[in-house]
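Engineer: Sequence plus predicted model, see below.
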Amino acid sequence: MDGQDSDDPKQSTSDMTAFVQNLLQQMQSRFQAMSDSIVTKKCRIDELESSINDLRTEMGVEGSPSPSTAPGSKPEDPKSPVDTA
């Protein structure tokens, strides 16, 4: 059609390779942006949780479970000794 039928398969392969590489770069960039956003939000949630716990302490509600602890469940103490022998 355009007079370059002999180069068509090679050009098509080259175009497809460039397209896929570009697409992968865009996906990586978007993934990194979302990952950074998630990390930022997690930090903000941790800061908010800390502020809530500080306010609860100031109010004298230290014995109440934290908002992230399900009612009726008891958080495990990571400092408790574990017998590994």
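Structural biologist: Structure received. Numbering: from 1, shown residues only.
Engineer: quick one: residue 31 and residue 38, what's the gap?
Structural biologist: Note on residue 31: its distance to residue 38, by CB to CB, to the nearest Å, is 11 Å. Bear in mind the C-beta positions are built from the backbone N, C-alpha and C, glycine included.
Engineer: sorry, that was for residue 56
Structural biologist: 27 Å.
Engineer: what's the answer for residue 23, then?
Structural biologist: Taken as CB to CB, the span from residue 23 to residue 38 is 22 Å.
Engineer: Which pLDDT value does the model give residue 10?
Structural biologist: If you check residue 10, the pLDDT there is 84.
Engineer: Sketch out the low-pLDDT regions of the protein for me.
Structural biologist: With pLDDT under 70 as the threshold, the chain has low-confidence stretches at 1-7, 62-85.
Engineer: change it to 80
Structural biologist: For the chain, residues meeting the criterion pLDDT under 80 lie at 1-8, 61-85.
Engineer: And the helices in it, which stretches?
Structural biologist: Using DSSP state H, the helices of the chain run over residues 8-59.
Engineer: follow-up on the earlier one: neighbour-wise, which of residue 56 and residue 38 wins?
Structural biologist: Shown here are residue 56 and residue 38; by other CB atoms under 10 Å, residue 56 has more neighbours (15 against 10).
Engineer: ok, now how distant is the more buried one from residue 42?
Structural biologist: Distance of residue 56 to residue 42, given as CB to CB: 21 Å.
Engineer: Just give the number of residues close to residue 15.
Structural biologist: 10.
Engineer: for the one 10 residues further on, same thing?
Structural biologist: Using other CB under 10 Å as the criterion, residue 25 is surrounded by 10 other residues.
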